[in-house]
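J.: fold the following and give me the result.
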Amino acid sequence: IPVMIFGLEGDVFTGTGFNKEKLWIHYNWLPVWEKTYKKEAIDPFIFVRAALENCKSIDDVIFLLNKTLRNAGMNLFIIDGKKNEYAILECTCSSFIKRDHDERYLVGANHYNKTVIPDDISFDYGDSYKRQKKAEKLLAEKTDSVGGLIKILADPEVEQDRKLSGTVYSTISCPKKDEVFFSYDKFPSASRGTWEKVTWKW
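T.: Numbers count the residues shown, from 1 in each chain. Next comes the predicted model:
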């Protein structure tokens, strides 16, 4: 399936992409407690590219997840623009849970919302919790305009900016309408980058 990926110049694999079947996939890194040393385990960004090249629906992505072993965790965001359906899957190396989505929107950062974490495992999710809660608050207050969504992504309590690490590219997409807006040329990208509407031909 023809694929577009969004990342930095020269990237062959990245965490965000869109295919000709109107399937949008993005992942956020999640920590895991499983030890995965098997040679068939793949990186999440390789899984994303494989899913984009082979999947036409959310169910197809779920089928692929069930067939693969990953070497890291991920919040996997999927939108099927053909049906205007979406899902967030919280994935460990070998399993996943589909988050409920009764709300008008779902927000994910770098922590688990539904997955049960073993009692003897502890991660510092403080910053991730704060960013997600702030994004949820802003989404509840604002319209769904592109400008409004850019402001949310660029909010200093949402965007990551640790000087040596942070948000290096940002996207806003409506797969149903074949609309993608992309910023990557400055750091951090949401607040300082140049947002452009992407045009393409398959």
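
J.: from here on, contacts and neighbour counts on C-alpha atoms
T.: Will do.

J.: in what helix or strand does the residue of the chain most remote from its centre lie?
T.: Distance from the C-alpha centroid of the chain peaks at residue 120, with 27.6 Å (Cα atoms, centre = their mean). Element membership for residue 120 (DSSP states H and E) is empty, with no helix or strand holding it.

J.: report pLDDT for residue 37.
T.: The score at residue 37 is 67. That number is its pLDDT.

J.: buried residues, stretch 23-34. List them.
T.: By neighbour count on 16 or more other Cα atoms under 10 Å, the buried set for stretch 23-34 is 23-32.

J.: mean confidence score for it?
T.: Per-residue scores along stretch 23-34 average to 94.

J.: okay, it in CSV with CA atoms only?
T.: Extracted in CSV, the C-alpha atoms of stretch 23-34 (Å, rounded to 0.1, in the frame of the first residue of the first chain):
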residue,chain,number,x,y,z
LEU,A,23,-5.3,4.8,7.5
TRP,A,24,-3.5,7.1,9.9
ILE,A,25,-1.1,5.6,12.5
HIS,A,26,1.0,7.2,15.2
TYR,A,27,2.7,5.9,18.3
ASN,A,28,4.0,7.3,21.6
TRP,A,29,6.6,5.4,23.4
LEU,A,30,5.6,3.5,26.6
PRO,A,31,7.8,1.8,29.1
VAL,A,32,7.5,-2.0,29.5
TRP,A,33,8.4,-4.5,32.2
GLU,A,34,8.6,-7.5,29.9
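
J.: next one: that stretch to chain centre, how far?
T.: Centroid separation for stretch 23-34 versus its chain: 7 Å, with Cα atoms, centre = their mean, to the nearest Å.

J.: ok, residues contacting that stretch?
T.: 15-18, 44-45, 48, 52, 55-57, 72-82, 92-93, 108-112, 121, 123, 175 (Cα atoms under 8 Å, 6 or more residues apart in numbering).

J.: which among those residues count as buried?
T.: 15-18, 44-45, 48, 52, 55-57, 72-81, 92-93, 108-112, 175.

J.: endpoints of stretch 1-21, how far apart?
T.: Distance between the boundary residues of stretch 1-21 (Cα to Cα, to the nearest Å) amounts to 8 Å.

J.: just stretch 102-109 next, same as before
T.: 18 Å.

J.: roughly how far is it from the heart of the chain?
T.: On Cα atoms, centre = their mean, the centre of stretch 102-109 falls 12 Å from the chain's centre.

J.: what's the answer for stretch 106-113, then?
T.: Distance, centroid of stretch 106-113 to centroid of chain: 10 Å (Cα atoms, centre = their mean).

J.: and that stretch, how far apart are its ends?
T.: End-to-end distance (Cα to Cα), stretch 106-113: 11 Å.

J.: so residue 199 is in which element?
T.: Residue 199 belongs to no helix or strand, assigned by DSSP H and E.

J.: that one: neighbouring residues, count only.
T.: As a burial measure, residue 199 scores 9 neighbours (other Cα atoms under 10 Å).

J.: show me the contacts for it.
T.: Residue 199 neighbours (Cα under 8 Å, 6+ apart): none.
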